[in-house]
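*Asks:* Below are the sequence and a predicted model; questions follow.
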Amino acid sequence: MSIKLHDLITKVRESSTTSGVREIISEECVQIRNAFRKEDTKNRPRNISKLIYIDFLGFPTDFGQLECLKLIAHPSYVCKRIGYLGLSVLLTENEEVLFMSTNIIRTDLASENKFIVSLALSSLGNIGSVEMLRDLAPEVEKLLKSQTAYIRKKAALAAIRTIRFVPETVDRFVGRVKSLLSDKNHGVVLGGIQLLVEILKIEPKTISEFRKLVPGLLRMLKSLVDAGYAPEYDFEGVTDPFLQVHILKLLRILGQDSKKYSNQMIDLLTQVGTSSGMNKNVENCILYESVSTILTIESPNRLRVTAINTLSKFLTGKDNNMKYVALNTLLKGVNKDSKSLKRHRKVIVRCLRDKDISIRRRALDLVFGIMNKKNVKELTQELLDCLPKAEHDFRFDITAKVCTAIEKFSPDDQWQIDTLVQVLTIGGQYIRDDVIAIMTHVTGRNQELQYYASKKLYNSLLDDRYRNQKFIQVAAWVIGEFGDILLKKSIEENEPIDPSQIIDLCQIIITSSRNDDLTKYFILNTLIKLSTRIEGYDETIQEIIKPFMKHVNIEIQQRACEYFRLFEDKELLVFSFDRIPVKDENLETQKIEEIEENSNQNSNTNTKVQENSNNQLSPNNSNNQNKKKQEENELNLMGSNINISQNQTQESSSIENLLQLDFSNNNNQNVNKQTTNTQNQQSNQSTEDFLSDIFGTNNNPNRSVNNTQNIQNNNTQNVMDILGTGKGNGTGMGRGNGIGMGLGNGTGMGRGNGTGMGRGNGTGMGRGNGTGMGRGNVNTQKKNPSAIIYNQDGLKIQMNFKLVSVNGTPAAMIQSTFTNSTQTQMTNLLFQVAVPKHLQVQMAPPSSKIIPPNNNGKVTQTFRIIKKQNIKTKLTMMTRIQYKINGMPISKQQEVKNLPLIF
């Protein structure tokens with residue numbers, strides 16, 4: 001026998017165990033199924049009611065979906081009410097069973113009983129599928145003209161879902177909105193306002209037409225503000241606050257970017273802002289919406305200041321919800337009203353210590369938004385004071401903001417060094433990897449502060465509390481690079497430092513089990529550099545290095561062996577580890593401009609020669625040739641005569657197997673036939689294996705290595721000297737092949753192929769050929785299409801295409817632009833591209849690995865796709881984007897088709 005819903009709830013509550021509840025529900029489901037098989041129409045509403053309760057508990061109830069259709073088809077209102085309730089709870093918009101209810105709902109929409117019509121409209125507005133909404137849109141439109149206000153209100157809500165899921169039906173409801181807004185019933189007006197807001201989102205072009213409604217909306221809002229007690233619409237002493245809030249939201253949309261209509265709103269918004277109290281939550285809601293409207297429309301400065309002052313009062317209250325929305329609103333207006341926000345700096349900073357993590361994150365973004373060169377010292381110190389007590393995840397956000405502020409707003413180099421050292425000592429394990437490069441660059445470019453920085457880092461390094469890995473790496477590089485300056489000037493200041501203390505400290509750190517292998521690389525580099533800067537300690541340093549010649553890590557072992565051998569040739573050792581020169585960006589820019597100017601002059605000379613040899617050339621043709629030459633010089637930034645670094649080559653090679661796409665790995669070959677690259681097979685294979693692991697592929701082809709000497713090309717050599725790139729092929733600072741600090745194979749400071757800072761071949765500070773500007777035959781076309789290939793989660797990627805010809809081979813020059821519309825910066829950007837086998841890709845590094853928030857800047861990355869086979873088809877590619885936001889890594893992969901380029 002079927003029990004009542006009340007009895008079922010009582011039995012479930014009386015059960016003390018989960019297994020007991022599961023047994024009760026199982027028994028009841030068996031009873032309900034048996035009733036459905038017997039077609040028990042009398043108890044069907046009761047059974048559906050119990051299934052709704054069972055669904056709330058999380059148990060499957062799919063077997064009752066068809067019974068809901070039977071109930072809504074019943075002529076009784078009681079059965080229909082339970083049926084439509086079950087339809088909304090037990091079914092979703094994607095259920096195929098739902099489509100079977102279309103004709104039943106159409107019949108109920110035509111019913112003379114307004115309550116049955118309202119049930120059908122409510123169900124349609126809650127779970128209506130795209131097909132149902134498209135078929136029933138005419139019926140919903142007719143009901144907007146119903147004589148019953150109750151039905152008009154329900155029809156407006158159903159129309160909102162209709163145009164949201166079926167945007168092509170928006171034209172049906174545009175003409176009906178004005179009549180809804182002039183209705184006397186507040187519920188109908190509220191539904192009409194919500195419908196109009198949805199229409200404006202879908203069709204922004206209609207805003208100018210609906211701005212004519214502003215005077216009527218203002219009169220309606222004023223009547224609500226000035227109205228006395230109205231029992232029908234009163235809520236905690238406020239007349240219809242829900243309608244007031246939605247009117248303010250609509251005015252915000254209509255008044256944006258319109259000075260004329262914004263001026264009409266100013267007086268009333270001032271009245272709403274001053275008359276609303278802050279004692280009740282409902283008053284706070286109206287006050288917040290009025291402030292948001294003031295900050296969005298074209299309002300005068302005095303009114304904006306008043307609005308910001310009101311938001312600051314929210315920050316001093318105890319309601320966390322109001323604090324959060326106030327911080328969000330202030331963050332949106334930080335670009336327009338930064339001066340007014342700075343007056344409330346203390347209140348905003350106080351929110352950094354709030355117990356709610358969401359409020360602290362919003363306060364952190366707002367503090368960074370009001371930073372400038374005048375207040376960066378004070379605000380940075382406030383952030384550093386919050387760092388020790390912050391949660392683990394929040395420390396990443398604080399250090400990221402502090403490091404960005406130091407780089408962007410630093411008033412002088414000494415303060416930048418002091419603050420970076422403080423960040424490294426307090427939260428070194430939470431900082432970005434590029435902070436090490438910032439510190440080394442700042443120290444290297446200012447000779448007056450080299451002793452100051454090295455002494456400060458040395459003294460901090462003596463304290464064991466501050467020995468985190470990032471701090472040790474920075475201190476090791478600075479002390480190794482400027483150790484002689486540290487010892488010399490310490491004697492001049494009567495605070496001499498014994499060289500043996502520095503070497504002993506390095507020995508303690510390198511032999512400590514707490515330090516990772518990368519830190520040991522840095523210490524090895526420091527020791528070898530100190531041997532060239534301090535006399536009389538070669539034997540001591542050799543004794544420290546010697547045990548690492550048998551280290552389990554192959555990179556450390558190789559580095560130690562090479563360094564140990566370098567002691568046999570002291571002159572070579574000193575030459576290899578001479579102080580790294582600092583790149584002069586101003587001089588580099590000046591020389592690049594000189595190259596472009598000389599190229600333009602050569603282009604003009606060639607044009608004159610052609611005019612003398614062919615009198616039929618017109619001035620227009622001469623201008624076209626000059627323009628073509630200028631475009632060629634610009635394309636030389638990517639260059640057809642390029643030595644791609646080993647790291648860049650392998651990164652391109654690693655994408656070959658994405659979706660079984662193929663790449664020809666010719667990036668590391670110089671187009672100039674006179675040049676033969678010398679590569680280290682072991683390092684090449686190691687890099688490929690590493691990248692193959694990342695992509696889950698096995699891309700390790702056997703390669704023959706040509707060990708012939710690399711003959712430098714004179715033209716490329718001159719350009720590379722100006723750009724200050726490394727001498728040879730690779731990425732690094734100095735001389736040698738590979739990414740390296742010194743003269744080694746491997747990762748770090750070595751002789752040959754390696755990773756780090758030193759004398760290595762590649763893009764960096766030094767001399768020679770590297771990835772940079774090359775020279776080749778490039779022809780451009782006039783049409784430069786573009787396409788947005790990615791627009792999700794606040795990240796937007798747009799590609800601009802240009803067809804070119806590289807030494808007679810068709811190619812496409814593509815510039816990718818990355819913008820970030822979120823309120824948090826995106827870091828560790830990595831963008832990769834794979835193309836079909838008949839194409840070849842060459843990628844340059846991005847302009848930055850950090851994408852600024854709020855669309856305040858952009859990051860660009862240029863790459864070139866060369867055609868290897870004569871196949872004319874639309875360009876398709878596979879892309880992978882990786883970045884971090886709020887410390888969380890994000891990776892997206894997608895196939896990009898239908899690009900506006902055929903070649």
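*Replies:* Sure thing, it's come through. Residues are numbered from 1 along each chain as shown.
*Asks:* Please make it C-alpha for all contacts and neighbour counts, starting now.
*Replies:* OK.
*Asks:* so where is the protein shaky, pLDDT-wise?
*Replies:* Scanning the chain for pLDDT under 70 picks out 1, 582-783, 901-903.
*Asks:* Name the nearest residue to residue 537, ignoring sequence neighbours.
*Replies:* Nearest residue to residue 537 in three dimensions, chain neighbours excluded: residue 531, at 6.6 Å (CA to CA, 6 or more residues apart in numbering).
*Asks:* helices and strands around the helix or strand where the one you found lies, which ones?
*Replies:* Per DSSP states H and E, residue 531 falls inside helix 517-533. Using 3 or more CA pairs under 8 Å, 6 or more residues apart in numbering; DSSP states H and E as the contact test, the elements touching helix 517-533 are helix 469-492, helix 499-511, helix 538-545, helix 554-566.
*Asks:* now those in CSV, with mean neighbour count and distance to residue 190?
*Replies:* Output for the helices and strands packed on helix 517-533, formatted as CSV (neighbours: other CA atoms under 10 Å; distance: least, CA to CA, whole Å):
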stretch, mean neighbour count, distance to residue 190
helix 469-492, 21, 58
helix 499-511, 16, 70
helix 538-545, 16, 79
helix 554-566, 20, 70
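*Asks:* Output these in a markdown table; the columns should cover distance to residue 186.
*Replies:* Below are these laid out as a markdown table (distance: least, CA to CA, whole Å):
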| stretch | distance to residue 186 |
| --- | --- |
| helix 469-492 | 63 |
| helix 499-511 | 75 |
| helix 538-545 | 84 |
| helix 554-566 | 76 |
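*Asks:* Kindly state which of the ones you listed is positioned closest to residue 52.
*Replies:* Nearest to residue 52 among the helices and strands packed on helix 517-533 is helix 469-492 (57.3 Å), distances taken as CA to CA.
*Asks:* what's in contact with the closest one?
*Replies:* Where contact means CA atoms under 8 Å, 6 or more residues apart in numbering, the residues beyond helix 469-492 that reach it are 421, 424-425, 428-429, 431, 436, 439-440, 443, 450-451, 453-455, 457-458, 461, 496-499, 515-516, 519, 522-523, 525-527, 529-530, 533-534, 579-580.
*Asks:* Quick check on these: which are buried?
*Replies:* Neighbour-count burial (16 or more other CA atoms under 10 Å) is assigned, among these, to 421, 424-425, 428-429, 431, 436, 439-440, 443, 450-451, 453-455, 457-458, 461, 499, 519, 522-523, 525-527, 529-530, 533, 579-580.
*Asks:* can you pull out the helices in the stretch 51-200 of the chain?
*Replies:* Secondary structure of the stretch 51-200 of the chain by DSSP state H, counting those that start in this stretch: the helices cover 65-72, 77-90, 96-99, 102-109, 114-127, 130-143, 149-165, 170-181, 186-202.
*Asks:* Now do residue 574 against residue 534, distance only.
*Replies:* For residue 574, the distance to residue 534 (CA to CA, to the nearest Å) stands at 11 Å.
*Asks:* go on, residue 573?
*Replies:* 13 Å.
*Asks:* List phi and psi for the closest residue to residue 358 other than its chain neighbours.
*Replies:* Leaving aside its sequence neighbours, residue 358 sits nearest to residue 324 (CA to CA, 6+ apart; 7.5 Å). Main-chain dihedrals, residue 324, degrees, to the nearest 10: phi -60, psi -50.
*Asks:* pretty sure residue 324 is touching residue 361, no?
*Replies:* No - the criterion here is CA atoms under 8 Å, and residue 324 misses it with residue 361 at 9.8 Å.
*Asks:* Dump the helices of the stretch 51-200 of the chain to CSV, plus distance to residue 560.
*Replies:* Shown next, in CSV, are these (distance: least, CA to CA, whole Å):
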stretch, distance to residue 560
helix 65-72, 73
helix 77-90, 69
helix 96-99, 69
helix 102-109, 78
helix 114-127, 69
helix 130-143, 68
helix 149-165, 66
helix 170-181, 73
helix 186-202, 65
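*Asks:* most packed of the ones you listed?
*Replies:* For those, average neighbour numbers computed from mean count of other CA atoms under 10 Å are highest in helix 149-165, which has a mean of 23.
*Asks:* quick one: contacts of that helix?
*Replies:* By CA under 8 Å, 6+ apart, the list of residues contacting helix 149-165 from outside reads 114, 117-118, 121-122, 124-126, 128, 130, 133-134, 137, 140-141, 143-146, 169-170, 173, 185, 187-189, 191-192, 194-195, 198-199, 202.
*Asks:* Can you point out the buried residues in stretch 279-295?
*Replies:* 282-295.
*Asks:* from the middle of its chain, how far away would it be?
*Replies:* Chain-centre distance of stretch 279-295: 31 Å, with CA atoms, centre = their mean, to the nearest Å.
*Asks:* quick one: contacts of it?
*Replies:* Contacts for stretch 279-295 (CA under 8 Å, 6+ apart): 236, 238, 241, 244-245, 248-249, 251-252, 266, 269, 272-273, 276-278, 303-304, 307-308, 310-311, 322, 326, 329, 333.
*Asks:* Give me the subset of these that lies in strands.
*Replies:* Under the assignment DSSP state E, the contacts of stretch 279-295 contribute residue 238 to strands.
*Asks:* Buried subset of the contacts of stretch 279-295 as a PyMOL selection?
*Replies:* Filtering those down to the buried ones (16+ other CA under 10 Å) takes a single PyMOL command:
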select buried, resi 238+241+244+245+248+249+251+252+266+269+272+273+276+278+303+304+307+308+310+311+322+326+329+333
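*Asks:* among the contacts of stretch 279-295, which are in helices?
*Replies:* Judged by DSSP state H, helices contain the following of these: 241, 244-245, 248-249, 251-252, 266, 269, 272-273, 303-304, 307-308, 310-311, 322, 326, 329.
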